[in-house]
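Enquirer: Return atomic coordinates for the entry below.
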Amino acid sequence: MRLRDIVEAVGASVLAGEDCLPEREITTVSACDLMSDVLAFAKPGILLVTGLVNSQVIRTAAIAHLSGVIFVRGKQPNTETVELAKKMKVPLLSSRMHMFELCSELSKIGLRGTRTE
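Expert: Below is the predicted model of the structure:
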């Protein structure tokens, strides 16, 4: 599934990386606020769902080659974090949904969670 399709399906707003939306492939979803866990199971193609909006999320996403990050509950990162995401080519989205609700909606459109084994 393409990142653009996810934006449309869940009504997310694009904060950074709009040019990546058409070609960025999402294979699985992971909902996590602990970046060490993200690094432990990371694979390319993951969309990270998180409530954290700091620069460590962007650095983790770039290091782990994640396909994008979507913030929950309408959270917005500061300008420096958005600029870092643009520089590191990490697409950022924001949704007004809570984490559980967003994950449920992503599951309805065919995405599955990342397996950790």
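Enquirer: Quick check: which helices or strands does the lowest-mean-pLDDT helix or strand in the chain pack against?
Expert: The helix or strand of the chain with the poorest confidence is strand 112-113; it has a mean of 90 (mean pLDDT, DSSP states H and E). For strand 112-113, the packing partners by 3 or more CB pairs under 8 Å, 6 or more residues apart in numbering; DSSP states H and E come out as strand 28-31. Using the backbone N, CA and C atoms, a C-beta is placed for each residue, glycine as well.
Enquirer: Dump the strand it packs on to PDB, keeping only the CA atoms.
Expert: What follows is strand 28-31 as a C-alpha-only set of coordinates in PDB (Å, rounded to 0.1, in the frame of the first residue of the first chain):
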ATOM      1  CA  THR A  28       3.300  -3.200   7.900                       C
ATOM      2  CA  VAL A  29       2.400  -0.900  10.900                       C
ATOM      3  CA  SER A  30       3.900  -0.600  14.300                       C
ATOM      4  CA  ALA A  31       2.400   1.400  17.200                       C
END
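Enquirer: For this protein, give me the ranges with low pLDDT.
Expert: For the chain, applying pLDDT under 70 flags the ranges 116-117.
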